[in-house]
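Novice: Could you look at this predicted model? Sequence included:
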Amino acid sequence: MKVIHKLIITLSIGVATGAAIVEALHAQSRPPVYVVGEIEVTDQATYDIYSKGQSELVPSFGGQFLARGGKTESIAGTPPRSRAVLIKFESMEKVQAWRTSPKFKELAVPRDKGANFRAYAIEGVN
């Protein structure tokens, strides 16, 4: 093989490797996303269906429960609802994939029947 061909192949491999490293670093620099849920349970048995289902679903999308149903205390403004949840995801895309999954939509039915619910996502900082 000619020297020029070897040089072209070596440069191509170097560029591809560099691009892969840059993409990996870019993915690492994305801020995490936090999902906050405020819940007022109106029917515990029905709400438990939703809660148990999310115990399996959230981790399957890379989510991690940081707080779940613990004591809440108002420190300013309108008091929070009686139950709260805080979930960490690696990106807003992961949150959207979780929220649009067929299983999430299925679990929304018992959630809506068993609780008054508000949730929102917040992009964190690096």
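Specialist: Received the coordinates, thanks.
Novice: Just the CA atoms of stretch 60-74, as PDB, please.
Specialist: Output of stretch 60-74 as PDB, limited to C-alpha atoms (Å, rounded to 0.1, in the frame of the first residue of the first chain):
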ATOM      1  CA  SER A  60     -35.800   2.000  32.900                       C
ATOM      2  CA  PHE A  61     -35.400   5.500  31.500                       C
ATOM      3  CA  GLY A  62     -32.300   6.300  33.500                       C
ATOM      4  CA  GLY A  63     -34.200   8.200  36.200                       C
ATOM      5  CA  GLN A  64     -33.200   8.100  39.900                       C
ATOM      6  CA  PHE A  65     -35.600   8.900  42.700                       C
ATOM      7  CA  LEU A  66     -33.900  11.500  45.000                       C
ATOM      8  CA  ALA A  67     -36.900  12.100  47.300                       C
ATOM      9  CA  ARG A  68     -40.200  10.200  47.300                       C
ATOM     10  CA  GLY A  69     -43.000  10.900  49.700                       C
ATOM     11  CA  GLY A  70     -41.000  12.100  52.600                       C
ATOM     12  CA  LYS A  71     -41.900  14.900  54.900                       C
ATOM     13  CA  THR A  72     -42.400  18.300  53.300                       C
ATOM     14  CA  GLU A  73     -42.300  21.600  55.000                       C
ATOM     15  CA  SER A  74     -43.200  25.000  53.700                       C
END
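Novice: Please point out which parts of that stretch sit buried.
Specialist: 61, 63 (16 or more other Cβ atoms under 10 Å). Bear in mind the C-beta positions are built from the backbone N, C-alpha and C, glycine included.
Novice: pLDDT on it, on average?
Specialist: Mean pLDDT, stretch 60-74: 91.
Novice: Run the chain-centre distance for it.
Specialist: 12 Å (Cα atoms, centre = their mean, to the nearest Å).
Novice: what does it rub up against?
Specialist: Residues outside stretch 60-74 that contact it (Cβ atoms under 8 Å, 6 or more residues apart in numbering): 34-35, 58, 79-90, 94-95, 97-98, 101.
Novice: Now with 10 Å, please.
Specialist: Outside stretch 60-74, the residues that touch it by Cβ atoms under 10 Å, 6 or more residues apart in numbering are 32-39, 41, 51, 54-55, 57-59, 79-91, 93-99, 101, 103-104.
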